[in-house]
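*Asks:* structure of the sequence below:
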Amino acid sequence: MARLVLWDIDHTLIDTRGVGRELSATAFQQATGQPMREQAKIDGITEQVIFRETAQLHGITTDRADFERFAQALAEQHVTRASDLRERGHALPGAAAAVSALAAAGVLQTVVSGNVRPVAEIKLASFGLDRRIRWDAGAYGEDADTRPELVKLALQRSGTPARDAALVGDTPADVAGGQATGVRVIAVATGRSASDDLREAGADAVLDDLTDTEALLRLITADTLNPA
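*Replies:* Okay, here's the model as predicted:
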C-alpha cells in the first residue's frame, strides 16, 4: 500500500484554461524586459527549464538570478489574478473527491510539480484542493530541472521509501519520474497525452480521469499493480 501520493498539478488536478500562459507571459516580460512572443514546451517540464528555454527562443541567455526574478513575478501575478484563475480555470472532475478520499484513508499527500511552490500553492488553493497537501514534503520547479530529481527529493523530504509511494500525473515525463526512482505511476489521460501514449511510456496503470474514486484508491492501496 502506498503511504505517500505525489500529485502532479496541471492537467492532473486542475486546468487553468490558458490563464497560466498569460501570467507566464507577463512575468517573462517583467523579468527580461522583452515580450514573450512564443513559449518553449511546457508539458511535464519544470518552470526553470521552461523559462530558460523560452528565453533562448528570444535570444536571451539567463542565469539563476533571472529565473528567481521571473519566479517572483510569476507568483505575484498569480496572487493579483487569482480571481481570473478561479473564474476561467477549474478543478478537474473527481479531483476533490480523490484528495478527500486519500486523506480519509490516512495517505500522506504532497505535490511534485514543475510549478514553483508559491504558484503551486495558489493554484490548488484557488480550487479548494490545498488543505490536505503536505507542502514541505513536496518538490517544485525551483528545486531541480527534471522530474526524476523532483521525485527523489520529495521522497527524501517525506522520509518515504520509493516502494511506499505512488505518483499520479498526466504526462510521459511524470511516468519517467516514477520509473527512474522506483515509484509506481498511476497516469490519468486528462492532459495532452492519450491513454495509449501513457501506457507506452510505462505507466503502471492508466485511468481516463479521476472520477472513479474507488478505482484510484484500489490502485494506490494495492500491494502490486498490473499495467492497465
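
*Asks:* confidence score at residue 227?
*Replies:* Listed pLDDT for residue 227 reads 43.

*Asks:* where do the strands of the protein begin and end?
*Replies:* Listed in chain order, the strands of the chain (DSSP state E) span 4-7, 14-15, 90-91, 108-111, 165-169, 184-188, 205-207.

*Asks:* elements contacting the last one?
*Replies:* When you say that, I think you mean strand 205-207. Counting contacts by 3 or more C-beta pairs under 8 Å, 6 or more residues apart in numbering; DSSP states H and E, strand 205-207 is packed against strand 184-188, helix 195-201, helix 213-221. Heads up, the C-betas are built off the backbone N, CA and C, glycines and all.

*Asks:* what is the shortest one packed up against?
*Replies:* Going back to what we said before, that points to strand 184-188. Secondary-structure packing of strand 184-188 (3+ C-beta pairs under 8 Å, 6+ apart): strand 165-169, helix 172-181, helix 195-201, strand 205-207, helix 213-221.

*Asks:* can you pull the pLDDT of the nearest residue to residue 13 once chain neighbours are set aside?
*Replies:* Closest residue to residue 13 in three dimensions, ignoring its sequence neighbours and counting by C-beta to C-beta, 6 or more residues apart in numbering: residue 95, at 4.6 Å. Residue 95 carries a pLDDT value of 98.

*Asks:* check residue 221 too.
*Replies:* For residue 221, the pLDDT comes out at 86.

*Asks:* pop the domain breakdown of the chain in here.
*Replies:* The chain breaks down into these domains under automatic domain parsing: 4-16+90-221, 19-86.

*Asks:* may I ask you to name the longest helix in the chain?
*Replies:* For the chain, the longest helix by residue count, based on DSSP state H, is helix 64-80.

*Asks:* ok, back up a step: point out the most buried one among the helices and strands packed on strand 184-188.
*Replies:* strand 165-169 (a mean of 29; mean count of other C-beta atoms under 10 Å).

*Asks:* note down every partner strand of that strand and its orientation.
*Replies:* Paired neighbours of strand 165-169 in the sheet (DSSP bridges): strand 4-7 (parallel), strand 184-188 (parallel).

*Asks:* average pLDDT for the shortest one?
*Replies:* Right, strand 4-7. Strand 4-7 comes out at a mean pLDDT of 98.
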